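K.L.:
Have a look at this prediction, sequence included:
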Amino acid sequence: MIVHRDIAYDDFANKIIACCKLKCELEDIVITYLHSCGEKQKTAPFKINDQLSLSTYLEDEPRGVLRIYMVERLVENHNLCDDQQVLNDECGRMNMNIPNEEREGNHAQDDGTGFCKDMSFKNKQELDIALKIACVKKDFRLKKVINSCSVYCVKCEHLECKWWLRAVKVENSDRFYIKKYKKMHTCGSKHFTSHNPHATAKVIGAYFKDRYPEGKSPSTKDLKNSIRIELECNVSYWKVWIGSEIAKSLVRGTHEHGYGVIDAYSHMLRTSNPGSKTALKIDENGRFKYFFVAYGAWILGFAQMRKVIAVDGTYSRSKYGGVLLSAVAQDAENHIFSVAFCIVDSECDASYRYFFEQLRSFVLDTPELCIISDKHQSIRKMISIVFPLAHYGCCMRHFGENIRNNFHNASVVYHFYKAAKAYNIDVFSDHFNRIRDLVPQAATHLECVGFHRWSRAFFPENR
């Protein structure tokens, strides 16, 4: 029988009933399996009775053979004696080969944590996180009694409470399963406060990891409110933020992992996007330095456009910082069209030289090529080296914002944009003379930069 890993428990059980051609209801079957290491250790079979135990079974490698029991439930049978009726009830619950004292303990009132005897976990860390999340939800405290490589035993922190749990490691595996479990809490909660010591950032991250799908994530403020409402626990804003970062790393991977798989990402990118160009540069210690990407569709699209490229950099807000350099063009509908991007350590001569050298592999150095950017000295310097035939110009938007911030005159900014966009020298002169009349210092500054750097009328090519 072939099933998907994400199959629901009810669908899984119904599929078993259909494949085995059983004439029973969903509640009348018990599904168990014996772990591959269970025969040596003589452990009881693991039950599959909910979504969690089903997911655990599907993640096991190798998976054990399923054992299906069909239970006949007796509603009324006045012919059976009391002893026989009790025996049938016990068989229906499938609690064979379990001592009487343990069987009676399992009938105790549930503490609401969702744990049960023989429940298994992928490793000890998963068991520890699950216990701490249960502690935060049900507001009780744990105290570790044994924490070794093969045994994990905890009890309630309150001296008079009888709650305790003992889990052991499956031989030749990282899995842990609950061997003994006392569910009853006799301590109450009157001695507890809203500040639970088990509500660490790691526990918060594990609790909220299902709320981080691909795309937009919940804000730290929303997570803090969810903790207060769902868990009735007060946690600091800083701890919630750290927990959210841990949740992101659990779902999307860590930053270190991302840098480690760049080679694989480059290969998959070139395979799925024929004609794409990627380049990775590392330093002498084998650490990441530069990474360049240009998709095949970008390269083909730019070949049909005007040879005008705008280059700029923006700072990355990730853990390791860095700068994202980008080159964009403009299509026939005045939409931004990406050409390439590159991750570098900083905006300097070396990084811009690497970026332009990679760009040179598919952007021809011709007199028709115009490269527009802000007044960063490294950009201007490296363009003259890598693209000696191209023309360099200043971005009028950056220039206009500098004029606004330095001279604080809206009229000067208005006439600057009119002059920069003018195709005719006479129109340019009219607006520039108005700038000179309003703020002579601004006109002097624009003359020092050079008209051919920022105006259409004096630019050597069509910018």
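P.N.:
Cool, the structure landed. Residues are numbered from 1 along each chain as shown.

K.L.:
For Arg228, give me its contacts.
P.N.:
Asn234 (CB atoms under 8 Å, 6 or more residues apart in numbering). (C-beta placed from N, C-alpha, C; glycine too.)

K.L.:
would it count as being in a helix?
P.N.:
Yes - counting by DSSP: H, G, I helix; E, B strand; the rest coil, Arg228 is located in a helix.

K.L.:
How much space separates it from Ala350?
P.N.:
50 Å (CB to CB, to the nearest Å).

K.L.:
Over to Asn285?
P.N.:
16 Å.

K.L.:
Comparing these two, which residue is more hemmed in?
P.N.:
For Asn285 versus Ala350, neighbours defined as other CB atoms under 10 Å are more numerous around Ala350 (14 against 6).

K.L.:
Convert the C-alpha atoms of stretch 356-368 to CSV, please.
P.N.:
C-alpha atoms of stretch 356-368 as CSV (Å, rounded to 0.1, in the frame of the first residue of the first chain):
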residue,chain,number,x,y,z
PHE,A,356,31.1,44.7,-13.8
GLU,A,357,33.5,42.0,-15.0
GLN,A,358,30.7,39.4,-14.7
LEU,A,359,28.3,41.8,-16.3
ARG,A,360,30.7,42.3,-19.2
SER,A,361,30.3,38.6,-20.2
PHE,A,362,26.9,39.4,-21.8
VAL,A,363,26.7,43.2,-21.9
LEU,A,364,28.9,44.5,-24.8
ASP,A,365,31.1,47.5,-24.3
THR,A,366,30.0,49.9,-27.0
PRO,A,367,29.5,53.7,-27.3
GLU,A,368,25.7,53.2,-27.2
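
K.L.:
buried stuff in that stretch?
P.N.:
Within stretch 356-368, the residues that count as buried by 16 or more other CB atoms under 10 Å are 356, 358-359, 362-363.

K.L.:
pLDDT on it, on average?
P.N.:
With pLDDT averaged residue by residue, stretch 356-368 scores 92.

K.L.:
Touching that stretch from outside, list them.
P.N.:
Identification of contacts with stretch 356-368 by CB under 8 Å, 6+ apart yields 277, 279, 292, 294, 299, 302, 307, 309, 327, 339-340, 342, 369, 382-383, 386-391, 460-461.

K.L.:
ok, now with 6 Å
P.N.:
279, 292, 299, 307, 340, 382, 386-387, 389 (CB atoms under 6 Å, 6 or more residues apart in numbering).

K.L.:
In strands, which of those appear?
P.N.:
279, 292, 340 (DSSP state E).

K.L.:
By neighbours, which of those wins?
P.N.:
Ala340 (24 neighbours).

K.L.:
Tell me who's in contact with that one.
P.N.:
294, 327, 359.

K.L.:
pLDDT (mean, whole number) over the helix or strand where Asn433 lies?
P.N.:
Under the criterion of DSSP states H and E, Asn433 resides in helix 425-438. Across helix 425-438, the average pLDDT comes to 91.

K.L.:
Likewise for stretch 318-328?
P.N.:
On average, stretch 318-328 scores 89.

K.L.:
What's the end-to-end length of it?
P.N.:
Stretch 318-328 stretches 23 Å from its first residue to its last (CA to CA, to the nearest Å).

K.L.:
contact partners of that stretch?
P.N.:
The set of residues external to stretch 318-328 that reach it, using CB under 6 Å, 6+ apart, is 255, 309-311, 313-316, 336, 338-347, 355.
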